[in-house]
Every structure is written in C-alpha cells, then in structure tokens.
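>>> Here is the input, now give the coordinates:
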Amino acid sequence: MTGRLSLLIRLGVRNVRRQRRRSFLTALAMGLGVAVLVFSRALGDGAHEDWIQAGVRLGTGHVAFQHPRFQASGKLEDRLSSEAVQTALTALELPEVREYVAAAASRVELQALANSATAAVPVAVAGIDPEAERHFSQLGDKLIDGRYLESGDRLHAYIGERLAKRLDLDVGSRLVLTGQDATGEIAGQFVRVVGIFRSGLPEADERVVHIPLETARTWLQVGDAVTTLGVLLESGWDVPEVVGRLRVQLVDDQDAVRVLGWREAMPELDAAIKIDDYGDYIFHVILFALVALAIVNTVLMSVMHRTREFGVLRALGLTKHQTAWIVFSEGLILTAVSGLVGMVVGFAFTWIFFRNGLDYSFAFEGDFEFSGVILDTIIIPEFRIMQVLQSLGSIFLVGVFASLYPAYRATRIDVAEAMKFEA
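Okay, here's the model as predicted:
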C-alpha cells in the first residue's frame, strides 16, 4: 500500500515538472497571493496593536479592576475600597502575572461641571497619581502650554485646549469643578490650570480634566478608595491570559472587585476593532478565492489536456480512485511549494523594506483620528507564530478543496472514449 501511494505521488510530481510553464505561472500567481497575504496580515496586526495601545492608554488600560457595578452605573458609590485595591495590587505582584505588567495607575473618575467666569461645561474629571500616570497615559506628552501635574500638586488641573477656549482659561486661570460626592451631596472644588494639552481628539480636548488623586479623594470624600485601577501590559495579545489568571486569583473577592479586559471596559473601542477585523476577513476571503481559482484552473486544464494519458493509465490497471489521487497530489504539491515560497517571500519583503514601519502620513493632514483614537501614521509590521500557522493552515485547506473537483473530473473519464480522443 505504501509503495503504491509513493508511486502515485511520484507520478503527480512528474506531471507537475513536465508542465513546467503552466506549473510556474500557477505557482507564481499563488506565491504572490500568499506573499500579499503575509504582508497584509503583518501590517494589519501591527496597526491593530498600535490602535489598541493608543486607545487603552487614553482609557482604562489593557486590564481594569473595578467594582462589579461601576461599569454599568459609573457612580462613586460603586467604587473600589482600599482593601479591594490592595487585593488587586497583590494579585498583580504574583510571578505569573508580574512578568506581563508594564504599568498600573489608580484613578477616581466622575462626570462633573467645570465653571469659569464666562461659561460652564460638562467634563470628565479624573483624579490621578501624576507619577504613575506618566507611564500610563499619553496626555502628558500632548502638552502645549504650562506643565503636567507633579507630585505635591494640590489645587491644580491639567485641561484640554478646546476646554480652555470654551471657558476662556489660560495657564494660571482658576475654575471650579462641581459634582456629586460619595455622600450624594453636590460639592465644588476650586482648582488652578497648570497645563493645557492638545490630544487631537475633540472629545478629549473639550472634556477631559486631570487633577491630583488626593485632591479628588478629599473633594469627593472617598477616603483611600478609587473607581478604577488600570493596568498596561507589555503586549495587548496577553490580555486574555492575564485576565484569566487574575480572575482565578480573585475568585473569592468577586463581590468586591471585578477584572475587565479592555474589550469589556471599552466597548466602543472593541466595536471599532471588530468592524475593522471584518474588513480584513473579507479581503482575505477574496485573496483565498483567487488562489483557489488559480489551483482549480491549472489542475483542471491539466486533466482536460491529458485525457488520453489518463485513459492509458486506466487501461493499464489504475482505478478511478488512484487516478483521482494523482490529480489531487498535483494540486497539493503546487499548493505546498507555492505556499512555502510565498510565505518566505512575504516575510522577507516585509522585513527588508518595512521593518521600521510603513509611513502613510502623506495621505493625511495633521493627526489621523479614527473611532476616538489618534493613530500613529507609521505602521510597524508585527509577526506572530499563530499568524504563520493560521496562514499555512488556510493555504493548505484552500489547496485541498481546490484540488477536489479536478480529481473528481479525472474519475469521470471513460477509458474507451479516452483512447479515441487523441488517437
């Protein structure tokens, strides 16, 4: 059985080599398709990682610890107690989690009203630890006037450019923040502008206000509690694993603290990423369809032009199934060779020409904003083992299914008619 199978495969290899021009053109088309697939996936994964990184740094991080009800209510009464915060910090120090963590930052967040002598504007206030936030948020890098918050600041605020214009504020100007404290009472907090930023996001520039964490705690009467403990990871791809490990560690404290991945904590960003993913899927399906058509066309034409040859083989004793196997093996050989060559070419091309990034800033004027996130106009390709395995597996499946129909057509050849066909 093994010897017969080996013979059939050798016949398939011989047929591929004999039709060199047709095999070369098919392999070239397939190889280019696979190379484009590798290139597009590497850039797509790199763009997604940059998009996610930018989004989580403006939000709650890759992972967020919150009270189980805070995500739905957004109220101060649903805050993390000091004990819950300490429990979360202890979990982050576990060896199986710590290796993934890049930074962590505590916040007290609420919706409030910012009042100046000229206007009042609804804002999103975040009480932050300045030192921790420097490693967590990107807003400190968007400074256009003054400075960012520093340790020891008390009655200071860091605001967006649009908010400063609406309230007619400059560095050194005073404003009053008014919101509902932990007791349910309306309370005001006087602060002075210490810095103004421009993020490029209209919503952030008009609504975000950073104040020192201790100032927010005192104003809102929350003690040592926070609303969110955000965590940045070294890589966004590690989020599911880290969230799973943290949930196992905190299973006994699930009534006091909840662990959220960025997809749960920031559903708007998650929805935008999924929409972009669907676009990638459609592109890849079209690309796979073109590769499949190339295989079907080549192998099927090979069958149609070798009717007498298959008739002779059948007359010499080959069964329908053995004839089909020869044709099927031709398709698999073309797929394997073209797929591997295409993968190598795709990786080499991407690495040689774009390892430092693909700059598409020429297509945009100013910042590139999409779905509430400022994206870098330089995309760094990202290669992953899973990406390689998925691509190879997908190409192999395409080759298998595209070779089935030509193999079936080979079984339908009538021996007597075949002998007459090219006689």
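>>> Next, name the residue at the spatial heart of this structure.
His48 (3.7 Å; CA atoms, centre = their mean).
>>> so that one, which of the three states?
With DSSP: H, G, I helix; E, B strand; the rest coil as the basis, His48 sits in helix.
>>> The closest residue to it other than its chain neighbours is in what secondary structure piece?
Using CB to CB, 6 or more residues apart in numbering and skipping the chain neighbours, the partner closest in space to His48 is Ile273 (6.6 Å). Every residue, glycine included, has its C-beta placed from N, CA and C. Taking DSSP states H and E as the criterion, Ile273 maps to helix 267-304.
>>> model confidence over that helix, on average?
Averaging pLDDT along helix 267-304 gives 73.
>>> How about stretch 337-349?
Rounded mean pLDDT across stretch 337-349 is 79.
>>> again, but for stretch 396-405
The average of the pLDDT scores along stretch 396-405 is 75.
>>> Next, Leu28: secondary structure please.
helix.
>>> per-residue confidence for it?
pLDDT recorded at Leu28 is 75.
>>> Can you give me the distance of the nearest residue to Ser338 once chain neighbours are set aside to Leu149?
Using CB to CB, 6+ apart and skipping the chain neighbours, the partner closest in space to Ser338 is Met30 (3.7 Å). For Met30, the distance to Leu149 (CB to CB, to the nearest Å) stands at 57 Å.
>>> the more surrounded of the two?
Legend: neighbour count by other CB atoms under 10 Å for Met30 and Leu149, higher for Met30 (27 against 24).
>>> Show me what the top strand by length along the chain is packed up against.
For the chain, the strand with the greatest residue count under DSSP state E is strand 101-115. On a contact count with 3 or more CB pairs under 8 Å, 6 or more residues apart in numbering; DSSP states H and E, strand 101-115 meets helix 82-92, strand 120-128, helix 130-136, strand 174-180, helix 213-220, strand 228-233.
>>> and Val259, which of those is closest to it?
Val259 lies closest, by CB to CB, to one member of the helices and strands packed on strand 101-115: helix 82-92, at 8.1 Å.
>>> List the buried residues of the following helix or strand past the closest one.
Next along the chain after helix 82-92, taking DSSP H and E as the criterion, comes helix 95-98. Using 16 or more other CB atoms under 10 Å as the test for burial, helix 95-98 gives Val97.
>>> quick one on the thing from earlier: please produce a markdown table containing the helices and strands packed on strand 101-115, extended by distance to Gly346, mean pLDDT and mean neighbour count.
Below are the helices and strands packed on strand 101-115 laid out as a markdown table (distance: least, CB to CB, whole Å; pLDDT from 0 to 100; neighbours: other CB atoms under 10 Å):
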| stretch | distance to Gly346 | mean pLDDT | mean neighbour count |
| --- | --- | --- | --- |
| helix 82-92 | 38 | 90 | 17 |
| strand 120-128 | 43 | 92 | 20 |
| helix 130-136 | 36 | 86 | 18 |
| strand 174-180 | 53 | 93 | 18 |
| helix 213-220 | 48 | 93 | 20 |
| strand 228-233 | 28 | 91 | 25 |
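>>> Just say helix, strand or coil for Glu206.
helix.
>>> Report the contact partners of it.
Taking CB atoms under 8 Å, 6 or more residues apart in numbering, we find Glu206 in contact with 121, 160, 162-163, 166.
>>> out of those residues, who's nearest Leu113?
Val121 (7.3 Å).
>>> just checking, that closest one touches Leu113?
Yes: with contact defined as CB atoms under 8 Å, Val121 reaches Leu113; the gap is 7.3 Å.
>>> helices and strands around the helix holding Ile273, which ones?
Packing contacts for helix 267-304, counted by 3+ CB pairs under 8 Å, 6+ apart, involve helix 20-58, helix 262-265, helix 320-354, helix 385-411.
>>> okay, Val36: pLDDT?
According to the prediction, Val36 has pLDDT 77.
>>> any idea how far Arg41 is from the closest residue to it other than its chain neighbours?
Excluding the flanking residues, the one nearest Val36 by CB to CB, 6+ apart is Leu287, at 6.5 Å. In this view, Leu287 and Arg41 are 10 Å apart by CB to CB.
>>> what about the two, which has more around it?
More crowded of Leu287 and Arg41, by other CB under 10 Å: Arg41, with 23 against 17.
>>> quick one: Glu161 and Pro202 touch, right?
No: the pair Glu161 / Pro202 is not scored as a contact, 10.0 Å apart, by CB under 8 Å.
>>> More neighbours: those two, which one.
Remark: of Glu161 and Pro202, Glu161 carries more neighbours, 19 against 13, as counted by other CB under 10 Å.
>>> Can you tell me how far the more buried one is from Asp141?
14 Å.
>>> before we move on, what about Leu213?
20 Å.
>>> Equivalent analysis for Gly31, please.
Taking CB to CB, one finds Gly31 at 43 Å from Asp141.
>>> Ok, Gly127 next?
Applying CB to CB, the value for Gly127 to Asp141 is 20 Å.
>>> I'd say Leu287 and Phe39 touch.
No: assessed by CB under 8 Å, Leu287 is found out of contact with Phe39, at 10.9 Å.
>>> Quick check: nearest residue in space to Gln180, chain neighbours excluded?
Spatial nearest neighbour of Gln180, excluding adjacent residues (CB to CB, 6+ apart): Ile186 at 5.9 Å.
>>> so the one you found sits right up against Gly179, yeah?
Yes: with contact defined as CB under 8 Å, Ile186 counts as touching Gly179 (7.4 Å).
>>> burial measure for Ala315, as a count.
Counted with other CB under 10 Å, residues neighbouring Ala315 total 12.
>>> and it, what pLDDT?
Note on Ala315: pLDDT of 71.
>>> and if you look at Met1?
pLDDT, Met1: 50.
>>> again with Val209
Looking at Val209, its pLDDT reads 93.
>>> So it, which state does it fall into?
Assigned with three-state DSSP, Val209 falls in the strand class.
>>> Repeat that for Pro68.
State at Pro68, reduced to three classes by three-state DSSP: coil.
>>> Number of residues surrounding the nearest residue to it once chain neighbours are set aside?
Excluding its sequence neighbours, the residue lying closest to Pro68 (CB to CB, 6+ apart) is Arg258, at 4.5 Å. Using other CB under 10 Å, Arg258 has 21 neighbouring residues.
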